Structure formats: C-alpha cells, structure tokens
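Engineer: after the sequence you'll find the predicted model.
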Amino acid sequence: MDALRRLPDATVLTDPEAMEPFRHDESHVVGCAPLAVVRPRGPAALRELVRLARSEGFGLVPRGAGTGKAGGCVPTARTVVVDLAAWPGSIRVSPQDLSLTAPASALLRDVKATAAESGFFYPPDPNSWESCALGGTLATNAGGPNACKYGMTRHWVLGLEALLADGEIHRFGISSVKANTGPSLAQLLVGSEGIFGLILGATLRLTPQPREYATLLLPVKRWMDLLDLPGRLSAAGFLPSAFEFFDPAVLADLRAHGPEAARRLPGEALAILEFDERGCTSDDFLGALADLLGPVADGLEIAADARQREGIWAVRRVTSAFLKERYPKKVSEDIVVPRSRLREFFERLERTGIPSVSYGHLGDGNLHVNLLAAGETPHEALEAQLGTLFRLAVELGGTLSGEHGIGLAKREAFLALAAPGHIETLRALKRALDPDGIFNPGKVI
Ligand code: MLT
Ligand code: ZN
C-alpha cells in the first residue's frame, strides 16, 4: 500500500467511501472493495503498477466511465482499479487518412462530435454513447443500433495502444485499412474486456457523415410479421442503418406510461427503421419501401424533420431506463439470434412460459430479452430461466451476448455454453500474454 501511494504521476484513492462507486457499473453486479483506485497520468505510473502487481500478486481492473452492463470493470478480490479518466491525449482527425486518434479517456460523445465537425462519421453508438468512455467501448467491442449497417466497434479500429504485462505501452496497427502482416494484435485486444492488457488509445476509421436520413415509425398489425421484415428488407436490397423493435408488451407499457411520442401509436408491436444513404428521402425510395412494408404496417410515420427524428430516437433511448423503473428487479439480457430464425425464437420462447418482455436491435438479431420474474424468483430458478434462454439462442445458431459482453455477469453461462475448444484457446492466450494473471482477473474466463 505504501508503494501504491508513492506511485509516480498518478492520483491514488484508498479511502473506502471514495472507492465505493468503483464497485459498480450499470449491471446488477457488485464488486469487491478494491485495494486502491489509481488514476495514472503517464507511462511511469503504469510501469511501476505492473511491476508491483506482478511482484505482490494483485490484479489490475481497467475502468473507463463505468457504464458497462456485464460487471467487466468492477473489482474482484485483491485488485487495484486503474481508472483511465485522467489518461492524457487529445482527439485528432486526419481527413487525409480518413482516421481519428483518441485516448481511452475520451468520451465517445466527443469522439463522434469531433469526427462530425470535420464532416465524418464514427458509427458505433451504444445506448450509453453520451456518457461512456472510448476505452470501454474498445475493450467491450460496443455495438448499438447502427451496427446493423456499420458493424461493431471492432470494424472501426485500425490501431491500438495498450499496456501489456511487460509494463510497456505497445502500438499495434497503422492508420490504414490495409495492413496485412499476420494476425492482428489490435483486433485481439478489441473486445478482450481487459484480460490481455489495458487499452490506452486507438486510431479509428471514419466514413463520410451521412447527409440524409429517412426515419420511420412502423407499427405492425401482427407482431410475428415484424420478425420476417429484416430478411425481407435485405432480400429486396434495402440496408437500414438501424432497425429497432418493441414487442407487444413493451409497446403497451410505453403507450400507457412512456414518453409522449409513444402514447398515440397504433399497432400490436412497433419498429423504428432508419436509412441514411443518399436518396433515401426521395419519393422513389420511400415509395418502394412503403410498398414492401404496406401489407404488415398499421400506419407508417416518417419523421418530417430533425426534431421529429430526435423525438423518435428519444423513445428508443429511454427504453432501458424506462423498463428498469417499471420492473426494478428484472434481468436484462442481450442475446443474438440469426435473423432467419427470429420467428422461431419468439415462438419457442413463448412456449417456455418464462415471463419476459423484449425490445432491441431486430436488424442484426440482437435482442434485449428482459426476464420479469427475476426479483421474485429464487436464485436457482433464475439461473434455470437464463440457462433456457441462452441455450435456445445458441441452439438456433446465435449467442448469449451481442453487445454487453461477458464480464462477471455471464461468465458461468459462457463457460458452460462456449463451443468446444473456445475457452481452452482463450486460456492459452491468457497464459501467454499475462503469465501472472494480473489483468482483470476472474473476468470472462
Ligand atoms: C440498449 O440497446 O438500450 C441497451 O443496450 C440495453 C440496455 O441498456 O440494457
Ligand atoms: Zn442494445
């Protein structure tokens, strides 16, 4: 503890009250009390921290803004939280390279805004995009509504800076989409949830900022018909930049108790569809779209301007918090089901009798299934319900997490359901990269 307090170029907290917030993220997981919270400001602090961690046998738990949903940044036993909020660096756009460089401490909101100021778009948009830190989005490979067209965070990472177990900061990748010198170490770290090293900054790919949006509210007459739409849109050559949904129960709740924009909507279930390509507001485009959607739609509203578009997205963005307020003890998941099996998934979920409501990212099959009986259910019964849900997703060719990651929340289920050889391969990589197990111990594997 004395050595920690003397760390060069860092702020060190050891007061239990000051450290209390660091035991939580935005999941239900509560971590252990950390030995200390360290805010490094330069390489000397990290070098010494790694040396101490290896010689004294404690772990290093990376932390961005604490907005994760799987307990990935909460402390396990005998760990120090490495809070990267003070990690130095500025956000810089290179229009020539079509890239942006930023430190892990940058807020995603500022990364997106800086790109936009230069006419560029950085697509990853997790629901916490206004408050989360870039480093956390890299470590968790964050997604969001735009993933159905633009992919996840990993698809936008060109290069990374990371602290590894030798105590040094390494740079992987270059400022170009073409770099083909064997396996990508930058990509190995994206989504690693801090178990191989600590991500300190990145060079990100940009694309021109869309200039046109067609944003539609689509209530449907029959909920199950909505489930075929992602496939039917692709087959017809449409590629939405977002395709979100609310099942009948979530829509009924939103209509009765939610924000103004949701109150007057017809339909048994509801989707938000957005297109951002050039020409998407033309009569031709919208006419062809209306022809395709017409048979299932129960009315169709197109945002007339930016204010109406914002109103539609406001309903979607508050849904997670809204449901949490209505069902404080619910457990929210983020499974993935291949789009071709969505109808089958919901039919089979209904037959399990598990009380749940769902919303989320229909366009890429990433479903936020919320288990409602969680609070009243003994632990084993909840585990059984989660097991049924995850197994169903895996059986249909999907997986147990599409965007929130494994962390502590889903570790046991991940260990039980991963494909043969998957966990062993991850453990072999972990042993090679982090032989003393100092990075985010107890997480993922
Ligand atoms: C969302 O899409 O709203 C979030 O990923 C879900 C959540 O906050 O649990
Ligand atoms: Zn989501």
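Structural biologist: Good, I have the coordinates. Residues are numbered from 1 along each chain as shown. Ligands and ions are numbered 1, 2, ... in the order given.
Engineer: number of residues surrounding the residue in the stretch 51-200 of the chain positioned nearest to ligand 1?
Structural biologist: For the stretch 51-200 of the chain and ligand 1, the shortest gap (C-beta to the nearest ligand atom) falls at residue 127, measuring 3.7 Å. Every residue, glycine included, has its C-beta placed from N, CA and C. For residue 127, the count of nearby residues is 23 (other C-beta atoms under 10 Å).
Engineer: test my guess that it contacts residue 321.
Structural biologist: No. The criterion here is C-beta atoms under 8 Å, and residue 127 misses it with residue 321 at 9.0 Å.
Engineer: residues contacting the residue nearest to residue 231 when sequence neighbours are not counted?
Structural biologist: Spatial nearest neighbour of residue 231, chain neighbours left out: residue 339 (5.5 Å); criterion: C-beta to C-beta, 6 or more residues apart in numbering. With contact taken as C-beta atoms under 8 Å, 6 or more residues apart in numbering, residue 339 is in contact with 230-231, 234, 362-365.
Engineer: just residue 224 next, same as before
Structural biologist: 343, 346-347.
Engineer: which of those residues fall within helices?
Structural biologist: 343, 346-347 (DSSP state H).
Engineer: would TSV of those with pLDDT be doable?
Structural biologist: Formatted as TSV, the ones in helices among the contacts of residue 224 follow (pLDDT from 0 to 100):
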residue	pLDDT
343	98
346	98
347	98
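Engineer: so which of those wins on neighbours?
Structural biologist: residue 346 (19 neighbours).
Engineer: so that residue sits right up against residue 227, yeah?
Structural biologist: Yes. Assessed by C-beta under 8 Å, residue 346 is found in contact with residue 227 at 6.2 Å.
Engineer: can you tell me which residues in this protein are near ligand 1?
Structural biologist: Residues of the chain found near ligand 1 (C-beta under 6 Å from any ligand atom) are 69, 127, 319-320, 332, 360, 368, 403.
Engineer: these, buried ones only, as a ChimeraX selection?
Structural biologist: Of the residues of the chain next to ligand 1, the buried ones go into a single ChimeraX selection, burial set by 16 or more other C-beta atoms under 10 Å:
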select :69,127,319,320,332,360,368,403
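Engineer: can you redo the residues of the chain next to ligand 1 as CSV with pLDDT and secondary structure?
Structural biologist: Shown next, in CSV, are the residues of the chain next to ligand 1 (pLDDT from 0 to 100; DSSP: H, G, I helix; E, B strand; the rest coil):
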residue, pLDDT, secondary structure
69, 96, coil
127, 97, coil
319, 95, helix
320, 95, helix
332, 93, strand
360, 98, strand
368, 98, strand
403, 96, coil
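Engineer: residues in contact with the residue in the stretch 201-350 of the chain positioned nearest to ligand 1?
Structural biologist: Closest approach of the stretch 201-350 of the chain to ligand 1 (C-beta to the nearest ligand atom) occurs at residue 320, with a separation of 3.2 Å. Contacts for residue 320 were tallied using C-beta under 8 Å, 6+ apart; they are 127, 332, 368.
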